[in-house]
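Undergrad: give me a model of this one.
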Amino acid sequence: MNKREALRKYFGHETFRGAQEQLIDSILAGRDCLGVMPTGAGKSICFQLPALLMNGTALVISPLISLMRDQVESLVQSGINAACINSSIDEASFARIYQNALAGRYKLIYIAPERLFTPRFSELVSNIEISLVAVDEAHCVSQWGQDFRPSYLKIRSFVQSIQKRPVTAAFTATATDRVKSDIVQMLGLVDPLEITTGFDRPNLYFEVREPESKEEELLKILRAEVDGSVIVYCSTRKNVENVCSLLQRHGFRAGQYHAGFSAKDRAAAQEDFLFDRIDVMVATNAFGMGIDKSNVRLVVHYNCPRDLESYYQEAGRAGRDGGTARCILLYSDSDKRLAEYMIESSFSESKLPQNEALAVKERDMTRLRAMLSYCKSKKCLRRYILNYFGENSGAYCGNCGNCTKGDEVVDVTIAAQKILSCIFRLKQRKTALPIGDICKILAGDPAFSEYSDLSTFGIMTENFSRIVQIAQYLCSEGYFEECGERKICVLTPKADEFVRTKKPIVMRFHGKKLSKAEKLPENPELFEELRKLRRRFAEALGVPPYVVFSDESLREMCVILPRSIDEFLTVSGVGTRKAERYGKKFLSVINNYVETRKYQN
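TA: Numbering: from 1, shown residues only. As a prediction, the model looks like this:
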């Protein structure tokens, strides 16, 4: 099996994204590498896929127990044998993993850095072939990173202790030049391929608000339509408890999570969030969630973080599936005083030598000043963030609170899929039509009933003028061209790229707010039916719903409307194993929906 066959079979994707293929090729060639890739860029595939193709077992070092569990569950669902070793497993579980590993049954083992030198694990490593050591959250090795963990300093000596040194790959979402240099040196990477793909998350909308009352503003934000899960970050345990209580009093299904909880209570709270038993998780900034939940649509920072590294990492937990999400920071001057107090407290309690402690304090104060400048900036917020990480950006992004005041910014990705799909379906019939006619087909105009058997007939419920606006925007952006005297619509290579990458398309409507009725649904009745079916599978398997299929996969099903297993396999995120396990049931729901709608039309 080659890398592309593995990508299709196990991960359900047709093509690699960004720098994935370069990093995978580096690992397969036996060369160390460092990949700095934004959240949602597909870092995990960069080490999971090579592990499948290499002899032996890959070790993935991760500091986050919940993230380990999520990734292992997702791998198992995709037909890949994997396990995790951390403080949450008992001796009997470790013994079972030990025996399975000796028998060569695992392609990947996730392990916490604190467990690397335990006697039993050292014994296991000496008796199996290690194909790869992948270090996730690699910035944790640097004291200049935002999440320094002393246990990461042991990784270099661990790799050196392995009889036949395996290729070592390090990955992180955010790292300054200083931190990248530390990663290479302190992990002992040998002549590594270093790739920084960029820090931009175009699907995320950034905004800073300075409300008179944070409580009232938070309730206002959450009362707006939110199609997905929410995380609210606070700087202190007390704020976590107060905010969670506030939300529960006002009828929100909210839970809380902070370091003051016992391990059992933290695990229970996190499981409630992962399994959608609660909609809002209120958590401390410092502790972090470490989740891979794909349908977080909103992250609110109730307090200002102490640095942009932490803020961008926490905000980045929104929109991991590539769908549009919002990141809103609620700022007040008291946040500045609280952050300064916490930095001073860390300095006074530091066990570092005086000169090092002073250097760390000054570093933290410098970072705080940059964070406060972000909160007060009147210019493009995305540009501010990207410039901070050393990346150039235009002065206007069109998708942050400062760039879009008075405007409505709308995610038209789903609408674009429908429009381009309609053009493609017509092409399959050796037919091509002008924009206006295509829009009428999408709107289900009775005058075009000859096309009623098209899966895209009547698929868009927006008002007709809105459909035309979006179609014209797609044409102006080069997704299709108007050709000949009739100005028939012909797809361009850019449309093919969009179908492959699923990169969000955001459109700006000047000075006009959309009503709820004008929002862009994607066959909402079918979407809900698929969500219910997904939930039944998830409950039966004891896994979070997004492990079965992400929301984005369900949305794509609602656009493509696959009618066969072959068509089902074209949905992003549907691999061979998942098609075999779930395809029949999901296709039954889709086919029933299409036939019912055809009858109604």
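Undergrad: what does the domain assignment say about the chain?
TA: Using automatic domain parsing, the domain ranges for the chain come out as 3-196, 204-397, 410-518, 524-600.
Undergrad: mean neighbour count and distance to residue 404 added to those domains, as TSV?
TA: Backbone N, C-alpha and C define where each C-beta goes, glycine included. Output for those, formatted as TSV (neighbours: other CB atoms under 10 Å; distance: least, CB to CB, whole Å):
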stretch	mean neighbour count	distance to residue 404
domain 3-196	19	21
domain 204-397	18	8
domain 410-518	17	7
domain 524-600	18	24
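Undergrad: show me the helices in the stretch 1-150 of the chain, by range?
TA: 3-6, 20-28, 43-53, 65-77, 91-102, 119-125 (DSSP state H, counting those that start in this stretch).
Undergrad: oh sorry, the question was meant for the stretch 351-500 of the chain
TA: In the stretch 351-500 of the chain, the segments counted as helices under DSSP H, counting those that start in this stretch are 354-376, 381-388, 413-428, 435-443, 464-476, 493-501.
Undergrad: what about the shortest one, distance to the chain center?
TA: Once both centres are worked out by CA atoms, centre = their mean, to the nearest Å, helix 381-388 turns out to sit 20 Å from its chain's centre.
Undergrad: what angle do it and helix 354-376 make?
TA: Counting by axes from the mean of the first three to the mean of the last three CA atoms, to 10 degrees, helix 381-388 lies at 160 degrees to helix 354-376.
Undergrad: now the nearest residue to residue 473 once chain neighbours are set aside: which helix or strand?
TA: Among residues not flanking residue 473 along the chain, residue 507 sits closest, at 5.3 Å (CB to CB, 6 or more residues apart in numbering). Per DSSP states H and E, residue 507 falls inside strand 506-509.
Undergrad: after that strand comes which helix or strand?
TA: Note on strand 506-509: by DSSP H and E, the next helix or strand toward the C-terminus is helix 524-541.
Undergrad: which elements pack onto that following helix?
TA: Contacts defined by 3 or more CB pairs under 8 Å, 6 or more residues apart in numbering; DSSP states H and E place helix 524-541 against helix 545-548, helix 551-560, helix 576-600.
Undergrad: could you dump those helices to a markdown table with mean pLDDT and distance to residue 270?
TA: Converted to a markdown table, the helices and strands packed on helix 524-541 look like this (pLDDT from 0 to 100; distance: least, CB to CB, whole Å):
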| stretch | mean pLDDT | distance to residue 270 |
| --- | --- | --- |
| helix 545-548 | 88 | 14 |
| helix 551-560 | 85 | 19 |
| helix 576-600 | 85 | 24 |
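Undergrad: want to throw those into a markdown table with distance to residue 395?
TA: Output for these, formatted as a markdown table (distance: least, CB to CB, whole Å):
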| stretch | distance to residue 395 |
| --- | --- |
| helix 545-548 | 36 |
| helix 551-560 | 31 |
| helix 576-600 | 43 |
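Undergrad: for residue 319, which of those helices is the nearest?
TA: Nearest to residue 319, of all those, is helix 551-560, at 9.7 Å by CB to CB.
Undergrad: quick one, what contacts the spatially most central residue of the chain?
TA: Closest residue to the average C-alpha location of the chain: residue 320 at 1.4 Å, with CA atoms, centre = their mean. Neighbouring residues of residue 320 by CB atoms under 8 Å, 6 or more residues apart in numbering: 39-40, 292-294, 296.
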